[in-house]
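*Asks:* just to be clear, the model below is a prediction. Sequence and coordinates:
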Amino acid sequence: MVFRSSLARRGRAACAAFALTLAGSSAAVVPARASASPAGPPVDVIVRQVAGAGQAAEAAVETLGGHVGRHLGIIDGFSAQVPTNRVPELSAAPGVVSVTRDASLRLQTDAWTADSDLGSLRNVAKAIGAAEAWDEGVTGKGVDVALIDSGVAPVEGLEGSDKVVNGPDLSSEPGDVARPGVDTFGHGTHLAGIIAGRDSASGAGRFTGIAPDARLVSVKVASADGATDVSQVIEAIDWVVQHRHDNGLNIRVLNLSYSTDAAPSYVLDPLAHAVESAWFHGVVVVASAGNDGLEAAQLTSPAVDPYVIAVGASDHQGTQTTADDVVASLSNRGNAIRHADLVAPGRSIVSLRDPGSYIDSHHPEGLVAGDAEHRFFRGTGTSQSTAVVSGAV
């Protein structure tokens, strides 16, 4: 069996599946009337403000009974919590470009030998031409790939500062002070192995990711249940952009293996605005198309933004040849306006296991039969496809 995960809409406190909805509104502060309806429960929002507008937007939040959260410089904005019924007034306030819901999201997730398993990275590397590139000396050396996800566990194949550099832990869980950024969900570790995993020992059984000599820069945003908020992800993108060349870093690629329901127009989507900023700063952004299949009318955000590489998943249909590969049934196709830029292997991809993580504990069907060392785990979806492309670009 293969474990699949997706994103679904949920409130801040609970999430039914794996997705995120961004709802935008636009409309300047009008004095509250004595007969106004109750303010309603608080709602988390992301506020984009006019560049150079000073503190007007923040002041409007306080005036309307809310409070300002984290600063999101990359989009000239901030997160905030305001009474539900005051959102239209905040949207119309001087200096405010847009107010969108800061909904919650969860990451997209779904005797053994690598040669005989079509989902092994050895066979994936052959299918996409990475193995030939290695022979030519193209291994990702000197390139850093930023992974905004659930963190990375220091398992074999991802050990050492030459393999993983931990950025800030922006998740909502306390974490281990001695081991910042450690993955407790299992998703980030799986993707890290696909992108740039590499065993220190040589030999026929050596585990190798798509870009084995690249280095990973992990920014943890998701907690043990895989949940995070859009504002946390935007803050992580901001950190990547601001620190892409700090202290010997060379971040050229950003992997975003999750998806959110796109706003009516990506132009108003704060997450899309953030990834565009990364692109304009020289960072290639690779994003998953979504796991909603034919039911989806469009790509999810941020893949819907034309400045990112939108990745769908392919299905090998159980054969070694790529001639009969098809788009996986779970993969979003998009539409005539915006569709996936390419597809990459995304069915039953074998990568590194994060023992004791949420996924590992709750989805034993993902364990690889015949894996005597219990190192590996299967994942299916556009998350895995995105990681393959992040290693390849």
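*Replies:* All right, it came through fine. What you are looking at is a predicted structure, and each value in this text was computed from that prediction instead of being measured.
*Asks:* report the contact partners of Arg353.
*Replies:* Residues in contact with Arg353, defined by CB atoms under 8 Å, 6 or more residues apart in numbering, are 155, 186, 189-190, 360, 367, 374-377. C-beta here means a position set from N, CA and C on the backbone, and glycine is covered the same way.
*Asks:* quick check: Lys163 touching Ala196?
*Replies:* Yes. Using CB atoms under 8 Å, Lys163 is in contact with Ala196, at 7.1 Å.
*Asks:* neighbour-wise, which of the contacts of Arg353 leads?
*Replies:* In terms of neighbours by other CB atoms under 10 Å, those top out with His190 at 36 neighbours.
*Asks:* which ones are touching that one?
*Replies:* By CB under 8 Å, 6+ apart, the residues touching His190 are 109, 351-354, 359, 377, 379, 384, 387.
*Asks:* for Gln384, what are phi and psi?
*Replies:* When quoted as degrees, to the nearest 10, the phi and psi of Gln384 stand at phi -70, psi -40.
*Asks:* what is the neighbour count of it?
*Replies:* 30.
*Asks:* so who does it touch?
*Replies:* Contacts for Gln384 (CB under 8 Å, 6+ apart) come out as 110, 190-191, 194, 257, 313, 345-346, 349, 351.
*Asks:* hmm, back to that, would a markdown table of the contacts of Arg353 with secondary structure, distance to Ile210 and pLDDT be doable?
*Replies:* Shown next, in a markdown table, are the contacts of Arg353 (DSSP: H, G, I helix; E, B strand; the rest coil; distance: CB to CB, whole Å; pLDDT from 0 to 100):
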| residue | secondary structure | distance to Ile210 | pLDDT |
| --- | --- | --- | --- |
| Val155 | coil | 18 | 96 |
| Gly186 | coil | 19 | 97 |
| Thr189 | helix | 15 | 98 |
| His190 | helix | 13 | 97 |
| Asp360 | helix | 22 | 96 |
| Leu367 | strand | 22 | 93 |
| His374 | coil | 23 | 93 |
| Arg375 | coil | 18 | 95 |
| Phe376 | strand | 16 | 95 |
| Phe377 | strand | 17 | 95 |
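*Asks:* so which of these comes closest to Ile251?
*Replies:* The closest of those to Ile251 turns out to be Thr189 (CB to CB; 19.5 Å).
*Asks:* hmm, Asp354 and that closest one touching each other?
*Replies:* Yes. Using CB under 8 Å, Thr189 is in contact with Asp354, at 4.0 Å.
*Asks:* shared neighbours of those two, anything?
*Replies:* Common contact partners of Thr189 and Asp354 (CB under 8 Å, 6+ apart): 153, 155, 183.
*Asks:* ok, Ala192 to Gly129 distance?
*Replies:* Going from Ala192 to Gly129 by CB to CB, to the nearest Å gives 22 Å.
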